[in-house]
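Peer 1: dropping a prediction and its sequence here:
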Amino acid sequence: MAKGMRDIKREIKSKQNTKQITKAMEMVAASRLRRAQEAAQASRPYSEKLKEVVASIAAGTKDVKHPMLETRPIKKTGYLVITSDRGLAGGYNANVLRKVTDAIRSKHKSNDDFVLFVIGKKGRDYFRRRNMPIVEEVTGLPDAPTFADIKIVASTAVQKFADGTFDELYVYYNKFVNAITQIPTEMRLLPLESVDGSAASTAAYEYEPSPEGVLEALLPKYAETLIYSALLDGKASEFGARMTAMGSATKNATKMISNLTLTYNRARQAAITQEISEIVAGANAQS
Amino acid sequence: MSTFLVEVVTPERKVYAENANMISVKGVEGELGILPNHIPLVTQLRIAPVVIKRDGKVDVIAVNGGFIEVRKDKIVILAESAELATDIDLDRAKAAKARAEQLLSAKRDEIDFRRAELALQRAMNRIGTAQK
């Protein structure tokens, strides 16, 4: 066997190993994607119900005053960025991080003008490397995060807005469209846009202790819920992105293997032909 | 006997949805017993068991705070977490209670104290519900 052939063979072997891994990752991501989608679905009744109640309070009681509904002059901005812990998910993290960085660059001159809340190791490392101010971080979330997992970061973000540490809060995450499309999205969470009260039920509610009292307890919860559903959407996007990325990696590996196999077969044939012609030449020389 | 639909919803899932005859909850302003055709009402809940009566059966759910929305024919309870009595892990709740009590007796700063107090309430709520 010629030396070139052995190299090609080794290369085929290594591509095959890689393909096996990417194939497995694709299938794992596919099954997790289904579960993540179900979780996102299951969280919907809660947030919709909360929105309905908030909207009906807002509609039922004229000019409710609440700090979370008020627009203040913006001195400092909070950003909550949802990324993943692991890579190998195509442009999943890069897209959303680029969007945040662009927004920060265009709006702020110094690092004192904004603060960051980060979910996910990738985002945390990215901002740390750039010495940007991270207030709160959550890493190592399970694939099916519970509300309790992000309760701290969500309530800190809402709390810090309420006490005036910053005057607006944006959430950045990948919006899940389908398994191959995820759109990096910017959502202004606080101050809450006046909740659309037109669809609210006309039933006049009694409030205990008072509409303001209920609203005061309800609005932070509403904001936290929005963060949670963004996280669930982000999780579904992560698996979608990983599935697609690993799918195309597997396809590329298959293509490379078939190309290498062709080259290998050619080299083998060439070696055989050469050997035959050497034998024939030797026999001719003897006679 | 008239009934209404009772739903208990958490951010993660819908815990409970049944037709019931009566429900009794503990609101911030006091205990409420609600029958069908109640006036529409929204109020905050305390960390306490919710008792639901239907067809002679009684369901108890440990609800950790949250809200109740009452309509004529439907009741929705929104809470950050809620468990049916049968789903409660009693040992875990007892361990949580012991931990919270220990934290309370250590008594550090105010935030920790408040947090431990809430944890203790939740644990006792779970234990109380499970043993009902």
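Peer 2: Done, it's in. Nothing here was measured: the structure is a model prediction, and the numbers come from that model. Numbers count the residues shown, from 1 in each chain, chains lettered A, B, ... in the order given.
Peer 1: ok, what's across the strand from the residue of chain B found nearest chain A?
Peer 2: Scanning chain B for proximity to chain A using C-beta to the nearest C-beta identifies residue B:43 as nearest, at 3.8 Å. Every residue, glycine included, has its C-beta placed from N, CA and C. For residue B:43, the residues forming beta bridges with it (DSSP bridges) are residue A:208, residue B:68.
Peer 1: give me every residue that touches it.
Peer 2: Under the criterion of C-beta atoms under 8 Å, 6 or more residues apart in numbering or on different chains, the contact list for residue B:43 reads A:207, A:208, A:209, A:214, B:27, B:28, B:29, B:32, B:67, B:68.
Peer 1: among the residues you listed, name the buried ones.
Peer 2: Among the contacts of residue B:43, those buried by neighbour count (16 or more other C-beta atoms under 10 Å in any protein chain shown) are A:207, A:208, A:214, B:27, B:32, B:67, B:68.
Peer 1: just checking, the second one touches residue B:29?
Peer 2: Yes - under the criterion of C-beta atoms under 8 Å, residue A:208 is in contact with residue B:29, at a separation of 4.9 Å.
Peer 1: could you identify the helix or strand that succeeds the helix or strand harbouring residue A:151?
Peer 2: Counting by DSSP states H and E, the secondary-structure element that holds residue A:151 is helix A:147-162. Beyond helix A:147-162 in the direction of the C-terminus, DSSP H and E gives the next helix or strand as strand A:168-178.
Peer 1: what are the contacting residues of that following strand?
Peer 2: Contacts of strand A:168-178 with the rest of the structure, by C-beta under 8 Å, 6+ apart, involve A:37, A:40, A:74, A:77-82, A:92, A:95-96, A:99-100, A:103, A:157-158, A:161, A:182-191, A:226-227, A:230-231, A:233-234, A:236-238, A:240-241.
Peer 1: what about chain B: which of these touch it?
Peer 2: When C-beta under 8 Å from any C-beta of the partner chain is taken as the criterion, no member of the contacts of strand A:168-178 contacts chain B.
Peer 1: buried subset of these, written for ChimeraX?
Peer 2: Provided next is the ChimeraX selection string for whichever of these are buried by 16+ other C-beta under 10 Å:
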select /A:37,40,77,78,79,80,81,82,92,95,96,99,100,103,157,158,161,182,184,185,189,190,191,226,227,230,231,233,234,236,237,238,240,241
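Peer 1: which residues of the stretch 51-200 of chain A fall in helices?
Peer 2: According to DSSP state H, counting those that start in this stretch, the stretch 51-200 of chain A carries its helices in the segments A:92-107, A:121-129, A:147-162.
Peer 1: and stretch A:274-282, how far from the chain's centre?
Peer 2: Mean-position distance between stretch A:274-282 and its chain equals 62 Å (C-alpha atoms, centre = their mean, to the nearest Å).
Peer 1: now it: average pLDDT?
Peer 2: Stretch A:274-282 comes out with an average pLDDT of 94.
Peer 1: how about residue B:75: what's its closest non-neighbour residue?
Peer 2: Computed as C-beta to C-beta, 6 or more residues apart in numbering or on different chains, the closest residue to residue B:75 that is not its neighbour in sequence is residue B:6, at 4.8 Å.
Peer 1: from the contact counts, what lies against the host helix or strand of the one you found?
Peer 2: Element membership of residue B:6, judged by DSSP H and E, is strand B:4-9. Counting contacts by 3 or more C-beta pairs under 8 Å, 6 or more residues apart in numbering or on different chains; DSSP states H and E, strand B:4-9 packs against helix A:3-60, strand B:14-20, strand B:74-78.
Peer 1: and the angle from it to strand B:74-78?
Peer 2: Interaxial angle of strand B:4-9 relative to strand B:74-78 (axes from the mean of the first three to the mean of the last three C-alpha atoms, to 10 degrees): 10 degrees.
Peer 1: quick check: mean pLDDT of strand B:4-9?
Peer 2: 91.
Peer 1: report the buried residues of it.
Peer 2: B:4, B:6, B:7, B:8, B:9.
Peer 1: just give me the neighbour total for residue A:116.
Peer 2: Using other C-beta atoms under 10 Å in any protein chain shown, residue A:116 has 23 neighbouring residues.
Peer 1: tell me how far the helix or strand hosting residue A:279 lies from the chain's centre.
Peer 2: Residue A:279 belongs to helix A:211-286 when elements are defined using DSSP H and E. Going by C-alpha atoms, centre = their mean, the spacing between the C-alpha centre of helix A:211-286 and its chain's C-alpha centre is 19 Å.
Peer 1: rounded mean pLDDT for the lengthiest helix in chain B, please.
Peer 2: The residue-count maximum for a helix in chain B (DSSP state H) belongs to helix B:110-130. Here helix B:110-130 scores 78 as its mean pLDDT.
Peer 1: wait, does it contact chain A?
Peer 2: No - when contact is scored as C-beta under 8 Å from any C-beta, no part of helix B:110-130 falls within range of chain A; the minimum is 10.6 Å.
Peer 1: which residues of chain B score low on pLDDT?
Peer 2: B:107-108, B:110-111, B:132 (pLDDT under 70).
Peer 1: same check on the stretch 101-250 of chain A?
Peer 2: Checking the stretch 101-250 of chain A against pLDDT under 70 turns up A:194-203.
Peer 1: let's see 90
Peer 2: Applying pLDDT under 90 to the predicted model, the residue ranges of the stretch 101-250 of chain A that meet it are A:107-113, A:136-138, A:140-168, A:177-181, A:187-226, A:229.
Peer 1: which bits of the stretch 51-200 of chain A sit near chain B?
Peer 2: Residues of the stretch 51-200 of chain A lying near chain B by C-beta under 8 Å from any C-beta: A:53, A:57, A:146, A:147, A:148, A:151.
Peer 1: narrow those to those that are buried.
Peer 2: Using 16+ other C-beta under 10 Å as the burial test, those include A:53, A:57, A:147, A:151 as buried.
Peer 1: check contacts around the residue of chain A found nearest chain B.
Peer 2: When distances are taken as C-beta to the nearest C-beta, chain A reaches nearest to chain B at residue A:208, 3.8 Å away. Residues in contact with residue A:208, defined by C-beta under 8 Å, 6+ apart, are A:214, B:27, B:28, B:29, B:41, B:42, B:43, B:44.
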